[in-house]
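Asks: Predicted model, plus sequence, below.
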Amino acid sequence: QVQLQESGPGLVKPSQTLSLTCTVSGASITTNYYYWTWIRQPPGKGVEWIGSISWSGTTYYGPSLESRAAISRDTSKNQFDLRMNSVTPEDTAVYYCTRGSRPGVSDHDYWGQGTQVTVSS
């Protein structure tokens with residue numbers, strides 16, 4: 001059974017950097033042809049693709065956040081990370097990590113439970 005677990009601070013101050021980690025169990029993040037993705041859902045809004053990292057380490061980003069987001073991985077820990085700089089209250093959302101068959105907001109077969117991140121002073 002594949003499991004994903006998000007972790008990181010639940011409260012971030014404006015202008016600071018948001019840092020989240022997704023720990024994966026039951027599957028390797030280097031297994032061919034899977035994409036490991038960060039998605040968020042602001043309150044009262046739909047889901048938004050932040051970005052993905054492939055099994056080979058190639059990164060892909062959504063157009064609205066690519067200037068502020070960075071996804072990396074630690075294969076020894078079977079984890080992948082999200083860093084997003086210069087956050088504002090509009091970045092307040094539930095953040096999810098997922099596994100999928102392609103980058104983007106669809107075609108995911110496993111999701112983490114999500115973690116609430118609030119941007120506030």
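Replies: Looks like it arrived, so ask away. Quick caveat, the model's predicted, so the values are computed rather than measured.

Asks: can you give me the strands in the protein?
Replies: 3-7, 11-12, 18-25, 35-41, 48-54, 59-61, 69-74, 79-84, 93-100, 108-111, 115-119 (DSSP state E).

Asks: Now tabulate those in CSV and tack on mean neighbour count.
Replies: C-betas here are computed from N, CA, C, even on glycine. Shown next, in CSV, are those (neighbours: other CB atoms under 10 Å):
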stretch, mean neighbour count
strand 3-7, 17
strand 11-12, 16
strand 18-25, 19
strand 35-41, 24
strand 48-54, 21
strand 59-61, 17
strand 69-74, 17
strand 79-84, 21
strand 93-100, 22
strand 108-111, 16
strand 115-119, 17
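
Asks: how about those strands in JSON lines, adding mean pLDDT?
Replies: What follows is those, written out as JSON lines (pLDDT from 0 to 100):
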{"stretch": "strand 3-7", "mean pLDDT": "98"}
{"stretch": "strand 11-12", "mean pLDDT": "98"}
{"stretch": "strand 18-25", "mean pLDDT": "98"}
{"stretch": "strand 35-41", "mean pLDDT": "98"}
{"stretch": "strand 48-54", "mean pLDDT": "97"}
{"stretch": "strand 59-61", "mean pLDDT": "97"}
{"stretch": "strand 69-74", "mean pLDDT": "98"}
{"stretch": "strand 79-84", "mean pLDDT": "98"}
{"stretch": "strand 93-100", "mean pLDDT": "98"}
{"stretch": "strand 108-111", "mean pLDDT": "95"}
{"stretch": "strand 115-119", "mean pLDDT": "98"}
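
Asks: I figured Gly26 hits Gln1, correct?
Replies: Yes: taking CB atoms under 8 Å as the definition, Gly26 is a contact partner of Gln1 at 5.1 Å.

Asks: Which one's more surrounded, those two?
Replies: Shown here are Gly26 and Gln1; by other CB atoms under 10 Å, Gly26 has more neighbours (11 against 6).
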